[in-house]
Every structure is written in C-alpha cells, then in structure tokens.
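Enquirer: only geometry, no sequence info:
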C-alpha cells in the first residue's frame, strides 16, 4: 500500500487530470483490477477514492501533514 502522502498526491492528481470525471476514472480502474483479481490494487484505488471524496467535500483541502501519519 502507498503511504498516506502518496495516496493524497494520487487523489489530487486524479482530480486535476479528470476533474468532474474523477469518480468515473476511479471506478474504471477498480473494475479493471477486479477483472485481474488484484486485491491490493483494488484496496489502493479504494483508498484513493476515499481521499478524492474528502478533497471534493472540502474544496481541495487535504488534512495537515502531521495528521496524515
């Protein structure tokens, strides 16, 4: 699994790249990983999805670094 910092960075990049279609992109990634049977990849993308939801709900504000560890 990626570190907290890496997960937040991935979530931010997905939002910057895909904007309002970020959730669709995540769903496509998870779907592909389900077909491959990649449980670790699925967990990683689910963690990214949770952070995307948080960023979306807070206007793009991630928690302070000290709270990420």
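Expert: Thanks, I have it. Just so it is clear, the structure is predicted and the values come from calculations on it, not from any experiment. Residues are numbered from 1 along each chain as shown.

Enquirer: mean confidence for the one helix or strand residue 24 maps to?
Expert: Take DSSP states H and E as the rule and residue 24 turns out to sit in helix 22-36. Here helix 22-36 scores 98 as its mean pLDDT.

Enquirer: how far is that helix from where the chain is centred?
Expert: Offset of helix 22-36 from its chain centre (C-alpha atoms, centre = their mean, to the nearest Å): 11 Å.

Enquirer: That helix: which residues count as buried?
Expert: Residues of helix 22-36 classed as buried: 22, 25, 26, 29, 30, 33 (neighbour count, 16 or more other C-beta atoms under 10 Å). Using the backbone N, CA and C atoms, a C-beta is placed for each residue, glycine as well.

Enquirer: which one's the longest helix in the chain?
Expert: Across the chain, the helix with the greatest residue count (assigned by DSSP state H) is helix 39-57.

Enquirer: Just give me the residue closest to the centre of the chain.
Expert: residue 48 (1.7 Å; C-alpha atoms, centre = their mean).

Enquirer: Tell me the one of the buried residues of helix 22-36 nearest residue 58?
Expert: Nearest to residue 58 among these is residue 22, at 14.5 Å by C-beta to C-beta.

Enquirer: quick one, what contacts that closest one?
Expert: Counting by C-beta atoms under 8 Å, 6 or more residues apart in numbering, residue 22 makes contact with 14, 15, 52, 56.

Enquirer: Mind picking the lowest-pLDDT entry from those?
Expert: The minimum pLDDT among those falls on residue 56, with 91.

Enquirer: From residue 48, how far out is residue 15?
Expert: Distance of residue 15 to residue 48, computed by C-beta to C-beta, to the nearest Å: 10 Å.
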